[in-house]
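Visitor: Generate a structure from the sequence data that follows.
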Amino acid sequence: MVRTEVYIFSYRKGNENQLGTGIFAHHRKVSAVQRVAFVSDRMSYIVLRGRCCNFVVFHVQATSEEKGDDSKDSFYEELEQVFGNFLTTIRKFC
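Guide: Numbering: from 1, shown residues only. Down below sits the predicted model:
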């Protein structure tokens with residue numbers, strides 16, 4: 001995590017072929033941040049506490065057209081798993 005006067009930046013460095021992913025939060029909103037998670041080099045999310053409900057913001061960098069089908073399939077399987085975990089969690093509280 002990198003802090004400046006105005007922003008806080010959390011990031012996860014990617015491998016040699018990818019740059020990674022990161023999330024900026026304004027210093028006034030840091031108290032609303034409940035969780036920041038880096039699922040992979042291409043996926044991260046942040047959970048923000050709201051007045052009525054919490055907000056989840058996903059940051060996803062999909063694979064490019066040039067990638068092979070195996071790479072695309074594994075990416076979408078991982079995305080479905082992460083999103084499915086959120087749906088399961090949400091259903092527990094509803």
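Visitor: Can you classify residue 66 by secondary structure?
Guide: Secondary structure, DSSP: H, G, I helix; E, B strand; the rest coil: residue 66 is coil.
Visitor: can you count the residues close to it?
Guide: Residue 66: 6 surrounding residues under other Cβ atoms under 10 Å. Every C-beta, even on glycine, is put in place using the N, C-alpha and C of the backbone.
Visitor: What backbone torsions are found at it?
Guide: Per-residue torsions, residue 66: phi -70, psi -20 (degrees, to the nearest 10).
Visitor: One more: the one 3 residues further on?
Guide: Backbone dihedrals for residue 69, given as degrees, to the nearest 10, come out at phi -60, psi -30.
Visitor: Against residue 38, how distant is it?
Guide: According to Cβ to Cβ, to the nearest Å, residue 69 and residue 38 sit 25 Å apart.
Visitor: Neighbour count: these two, which is higher?
Guide: The residue with more neighbours, out of residue 69 and residue 38, is residue 38; 18 against 8, by other Cβ under 10 Å.
Visitor: The more buried one and residue 44 touch, don't they?
Guide: Yes: the criterion here is Cβ atoms under 8 Å, and residue 38 meets it with residue 44 at 4.6 Å.
Visitor: Please enumerate the shared neighbours of these two.
Guide: Residues touching both residue 38 and residue 44 comprise 12, 21, with contact defined as Cβ atoms under 8 Å, 6 or more residues apart in numbering.
Visitor: can you count the residues close to the nearest residue to residue 50 once chain neighbours are set aside?
Guide: Leaving aside its sequence neighbours, residue 50 sits nearest to residue 32 (Cβ to Cβ, 6 or more residues apart in numbering; 7.4 Å). Number of residues near residue 32 (other Cβ under 10 Å) recorded here: 16.
Visitor: ok, residue 32 - contacts?
Guide: Residue 32 neighbours (Cβ under 8 Å, 6+ apart): 48, 49, 50.
Visitor: ok, the first one - how many residues close by?
Guide: Just to be clear, that refers to residue 48. 16.
Visitor: Okay, it and residue 83: tell me how far apart.
Guide: 17 Å.
Visitor: Residue 55 and residue 45, how far apart?
Guide: Using Cβ to Cβ, one gets 10 Å for the distance from residue 55 to residue 45.
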